[in-house]
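Engineer: Everything below, folded, please.
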Amino acid sequence: MAAEVEKALSSDQHLVAEAGTGTGKSFAYLVPAILYATEKQGEEDHEDEFDEEFGEKPEPKENRKRRILVSTHTISLQEQLINKDIPLLNSVIPREFSAVLVKGRSNYLSIRRMERALSKMTSTLANEIQYQQLQSITKWSKSTNDGSLSSLPVKPDSSVWDEVRSDTSNCLGRKCPHFKECFYFKARRRAANAEVMVVNHALFFSDLALRQQEVSILPDYDAVILDECHTIEAVAGDHLGIRLSSGQFDYTFNKLYNDRTQKGLLVEQKLQGLQRQVDQCRFAASNLFADLLDWWENSGSRNGRVMHPKVVDNPLSEPMEILAKALMQQADGQNNEADRKDFASASERLAVLSGELRQWLNQDIDAAVYWLERSGSRRGLDRLTLAASPIDIGSTLREILFQNEMIRSVVMTSATLATGNDDRFEFFRSRIGLTDGLSIRVGSPFDYKQQAKLVVVRNLPDPSKDRELFEKSIPEQIKRVVGYTDGHAFVLFTSYDLLRRCATSLTPWLAKNNLQLYSQAGEQNRTQLLDAFRRNPRGVLFGTDSFWQGVDVPGDALTNVVITKLPFSVPDHPLLEAKLEAIRDGGGNPFSDFQLPEAIIKFRQGFGRLIRTQEDQGMVVVLDPRIESKPYGRAFLKALPDVPVQFVSKTPKKKL
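Structural biologist: Numbers count the residues shown, from 1 in each chain. Next up is the predicted model:
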């Protein structure tokens, strides 16, 4: 694999590489990437090339050394690369290079904004808890090395962090008294001098989208390595579309003037006229979101999809734009540069939100699908989200990534890309818009025949025909297979609702058998659930989507993975619905061309949670009878490594 990565980088080609668990794929791409970036180019030292006020001007390509960008989907892989793999390679590769973890700007503390927040906290922060959080941030700022949110001992309220974080539109650049010690610009300078930048997919695609407007978040780079690349279609769709929530508008208005707490920028400055304009915007927003909710409930659009532009009037953008202009006038009239920035930043936020709202209501993005999402808020009110995404992300990626003149080579790798005996990864390529380039498939070194087995439970109800009966039968089967391994189990669901009901149903039985339940339906986040599960030898973890992939629990803690249902996407989600329509309109078969291969890749991901090292052993249990009863079930079995398969009855006549 390393040889193929080297070939792709040196010949300016793209590469798709599947590397099974345990192959050491991070070394396979890092070694050739480091050698490529450190080849003698006659480079000069450009320590100050990103000392521009906002670091947004790309440097001339001929004047800089090579730089490789490595992007991952999960934080755990980023940490592995930065804290383990790259330091090891730095100690053995006889060339000097540096590698940095690059985060989005909002992850960094602004010392100036922190000091300013301290001076005006009684007029901007809501309560004593937020005051204490600000004091804690101030104390931490004196000892932190990187000023990054992730290194804060206790995560503050978002409204507190919003007052102190680094912000492009509220930055004084070189005029700032703290410019030299600024955490963000120090991070920028490190990135500008690094040969290897490690980022997450969200930051990478945000930067890629901004570059279409000739702005950038990241320094320029010559080649990209996308690890965990099976997620890039979804992540790119999120960052190349629109996502606006009613909560964003509420939050923006409250930062200016909160009529309930009498806090905000305009209260501090005693600008009653502008406060009344904020109230007008708030009233218009309330009417707009109520109209959208009414439209949804009366339109017959069960899934919230919006097929036509201007389904409701837009009473909000105009008053927001009037307020934005008034705030900019206030900014121009300020003698104090910090006050000027506060007003200018608020004006820019309003203008951006208003523009994106117009874009969404007018459906200005070509070949995109638009939809509404609904969720409850803390006060029991409906929170609406306005979403849009390109239907064919492949054509967009072809243009902005694979045919990008700056990026000579894109290397994409994952443990699961193929859907069968497909060494060219036709399905993956068709989804991301890549038609040329190299391919390589490297198997896992693990002995699956000896280390694992697949158990298929027979004769359960068919979930596509008798969903209710199937779901009623699941708790008894979970008892059986989890009891067999005395915990040590992941139970993977495709539905949060079924997970919640099974957790409720099985809690008494688990308690009786002294098995600890870790449920995604509870209060703990993903990281907390995993840490607790690893510590408890008799744990059972119930997880949905995010636990099918990117989760690493080696050793005895996990010896049993239960797949409750084959992971087909819900076909009535507006984005998937639009994708399937596009396939059908193009003469294809939505099930065989998209739904089946997508489900196979996710099934392989779920199976892959079991064996993480050469010492691991265990079983994967499938409760969905379609893997045996349907012709397409064989495709799921064929996509797995060579592993023994055992079929057992739904009634426990014999041991598993």
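Engineer: Tell me how far Val199 lies from Phe205.
Structural biologist: Distance of Val199 to Phe205, computed by CB to CB, to the nearest Å: 10 Å. (Glycine included, C-beta is placed from N, CA and C.)
Engineer: residues making contact with stretch 327-342?
Structural biologist: When contacts are defined by CB atoms under 8 Å, 6 or more residues apart in numbering, stretch 327-342 is touched by residues 112, 116, 169-172, 175, 265, 269, 271, 274, 343-344, 346-347, 350.
Engineer: Widest-spaced pair of these?
Structural biologist: By the measure CB to CB, Lys175 and Leu274 form the most distant pair in these, at 25.9 Å.
Engineer: Compare those two (neighbour count), which wins?
Structural biologist: Shown here are Lys175 and Leu274; by other CB atoms under 10 Å, Leu274 has more neighbours (20 against 12).
Engineer: Buried ones in the helix or strand hosting the more buried one, by neighbour count?
Structural biologist: Assigned by DSSP states H and E, Leu274 falls within helix 272-299. Residues of helix 272-299 classed as buried under the neighbour-count rule (16 or more other CB atoms under 10 Å) are 274-275, 277-278, 281-282, 284-285, 288-289, 292-293, 296.
Engineer: Whichever helix or strand comes after that helix pairs with which strands?
Structural biologist: Using DSSP H and E, the helix or strand that follows helix 272-299 towards the C-terminus is strand 305-306. Next to strand 305-306 in the sheet, as set by DSSP bridges, lie strand 368-376 (antiparallel).
Engineer: and the angle from the partner strand to helix 272-299?
Structural biologist: 100 degrees (axes from the mean of the first three to the mean of the last three CA atoms, to 10 degrees).
Engineer: So, low pLDDT: which residues of the chain?
Structural biologist: Low-confidence regions of the chain, defined by pLDDT under 70, span residues 41-64, 376-381, 652-656.
Engineer: care to break it down by domain?
Structural biologist: 2-98+193-236+393-442, 109-175, 242-364, 448-649 (automatic domain parsing).
Engineer: need the ones you listed in JSON lines with distance to Glu373, can you?
Structural biologist: JSON lines is the format used below for these (distance: least, CB to CB, whole Å):
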{"stretch": "domain 2-98+193-236+393-442", "distance to Glu373": "15"}
{"stretch": "domain 109-175", "distance to Glu373": "20"}
{"stretch": "domain 242-364", "distance to Glu373": "6"}
{"stretch": "domain 448-649", "distance to Glu373": "9"}
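Engineer: Tell me which of those domains sits nearest to Trp371.
Structural biologist: Between the domains of the chain, domain 448-649 lies closest to Trp371; by CB to CB that is 3.6 Å.
Engineer: Let me see the contact set for Val312.
Structural biologist: Val312 neighbours (CB under 8 Å, 6+ apart): Leu288, Asp291, Leu292, Trp295, Leu361.
Engineer: Would you agree the third one is in contact with Leu384?
Structural biologist: Yes. Under the criterion of CB atoms under 8 Å, Leu292 makes contact with Leu384 at 5.9 Å.
Engineer: and for the two, which residues touch both?
Structural biologist: In contact with both Leu292 and Leu384: Leu372, using CB under 8 Å, 6+ apart.
Engineer: Pick the one among the contacts of stretch 327-342 closest to Ser141.
Structural biologist: The closest of those to Ser141 turns out to be Arg112 (CB to CB; 11.3 Å).
Engineer: can you tell me the helix or strand for the closest one?
Structural biologist: Here Arg112, judged by DSSP H and E, is contained in helix 111-119.
Engineer: and that helix, what does it pack onto?
Structural biologist: helix 128-141, helix 158-164, helix 337-362 (3 or more CB pairs under 8 Å, 6 or more residues apart in numbering; DSSP states H and E).
Engineer: Just the residues contacting the following helix or strand past that helix, thanks.
Structural biologist: Sequence order places helix 121-124 as the next helix or strand after helix 111-119, per DSSP H and E. Residues outside helix 121-124 that contact it (CB under 8 Å, 6+ apart): Ala117, Gln130, Tyr131, Leu134, Glu163, Lys255, Lys263, Gly264, Leu265, Val267, Glu268.
Engineer: Now the residue nearest to Ile217 when sequence neighbours are not counted, what are its backbone angles?
Structural biologist: The shortest distance from Ile217 to any non-neighbouring residue, by CB to CB, 6 or more residues apart in numbering, is to Asp207 (4.4 Å). For Asp207, the backbone dihedrals are phi -60, psi -40 (criterion: degrees, to the nearest 10).
Engineer: do the same with the one 5 residues further on
Structural biologist: When read as degrees, to the nearest 10, the backbone of Gln212 gives phi -70, psi -20.
Engineer: Check Ser409 too.
Structural biologist: For Ser409, the backbone dihedrals (degrees, to the nearest 10) come out as phi -150, psi 140.
Engineer: gap between Asn170 and Gln329?
Structural biologist: Using CB to CB, we find Asn170 at a distance of 18 Å from Gln329.
Engineer: More neighbours: which of these two?
Structural biologist: Per other CB under 10 Å, whichever of Asn170 and Gln329 has more neighbours is Asn170, with 21 against 11.
Engineer: what's the closest non-adjacent residue to that one?
Structural biologist: Spatially, and ignoring its direct neighbours in sequence, Asn170 is nearest to Ser345 (3.8 Å; CB to CB, 6+ apart).
Engineer: Touching, that neighbour and Asp167? I think so.
Structural biologist: Yes. Counting by CB under 8 Å, Asp167 is a contact partner of Ser345 at 6.3 Å.
Engineer: before we move on, the earlier item: are any of the contacts of helix 121-124 buried, and if so which?
Structural biologist: Looks like those have Ala117, Gln130, Leu134, Glu163, Lys255, Lys263, Gly264, Leu265, Val267 buried, using 16+ other CB under 10 Å.
Engineer: quick check, nearest of the residues you listed to Glu598?
Structural biologist: Lys255 (40.3 Å).
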